[in-house]
Each structure stands twice: as structure tokens, then as C-alpha cells.
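Trainee: Mind folding the following:
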Amino acid sequence: MAAIAGLSSKHSFVPVIRDADVVATALRQALAEASPEELPGLERAAAFVESTAAATEGQLRARWVRSRLIAVGFTGDIASVAAVKALRQAEPKLSLLAAVQLRKEALDHPE
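Mentor: Got it, this is the predicted structure:
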């Protein structure tokens, strides 16, 4: 996790960046110009972008937590202390408090 200017290492957090609107605009343009053969795939992609855009910040952070746990090979219970340890292993600059809060958010937003 890259450091953000102006923040100390004691206040690590995961910002949510939403760019689904940019992707949706590009897909709408592609749909307008698509050949009949391309339409089904582009329509499916557009539906996926719309569903992702509807996700809350908590849901996005929960997905991020799960992806980071998978990246370090964690397959245990997300509610465990081991999950916090694995999350901090995946993101060494993440504070203990931030890791616990992110784990809680992942628990609050099950897949």
C-alpha cells in the first residue's frame, strides 16, 4: 500500500476510488458503435460495471480485504485473529487498528 502524502504511518487506511462512471461511459460509446456480433459481450460488460458501481464503499473495502487475504494464501476464517495477521502480512504498512477495522468491514459485508 503506497503512502499518502500528509498521513502518518499510524493512520493507514484504504481509500475507495470509484471510476466506474468513466468505464460505463466508455462502454456506452462502444455499445453505440458495436457490430451485432460485439453487442452481447459489451452488454454483459455494461451490466457488470453497473452492478459494481452500485456497491457501497464498505462492500468495496470488503472485496479488497478478501483479495489481499487470497494474495497471501489465507484460507481460514475471516473472523479470526489469523486473518488480521494475514492482512497485515499482505499490507505491512497497515496499522493493527486499520487491519481490525477492515476485517470487521469484511465481516459486515459477506460475499
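
Trainee: Below-threshold pLDDT in this structure: ranges please.
Mentor: By pLDDT under 70, the weakly predicted segments of the chain are 1-17.

Trainee: Can you show me the helices along it?
Mentor: Along the chain, counting by DSSP state H, helices occupy 20-33, 39-53, 57-71, 81-90, 96-108.

Trainee: Save those as JSON lines, and put in mean neighbour count too.
Mentor: To be clear about C-beta, it is placed using only N, CA and C from the backbone, and glycine gets the same treatment. Conversion of the helices of the chain to JSON lines gives the following (neighbours: other C-beta atoms under 10 Å):
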{"stretch": "helix 20-33", "mean neighbour count": "13"}
{"stretch": "helix 39-53", "mean neighbour count": "13"}
{"stretch": "helix 57-71", "mean neighbour count": "17"}
{"stretch": "helix 81-90", "mean neighbour count": "18"}
{"stretch": "helix 96-108", "mean neighbour count": "17"}
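
Trainee: Excluding chain neighbours, what is closest to Ala34?
Mentor: Excluding the flanking residues, the one nearest Ala34 by C-beta to C-beta, 6 or more residues apart in numbering is Leu42, at 5.4 Å.

Trainee: I'd say the one you found and Gln29 touch.
Mentor: No: in terms of C-beta atoms under 8 Å, Leu42 does not count as a neighbour of Gln29; the distance is 10.1 Å.

Trainee: Now do the shared contacts for the two.
Mentor: When C-beta atoms under 8 Å, 6 or more residues apart in numbering defines a contact, no residue borders Leu42 and Gln29 alike.

Trainee: and the spatially most central residue of the chain, how far is that from Gly73?
Mentor: Per C-alpha atoms, centre = their mean, the C-alpha nearest to the average position across the chain is that of Trp64, at 3.5 Å. Shown here: Trp64 relative to Gly73, a distance of 17 Å by C-beta to C-beta, to the nearest Å.

Trainee: just Glu33 next, same as before
Mentor: With the distance defined as C-beta to C-beta, Glu33 ends up 43 Å from Gly73.
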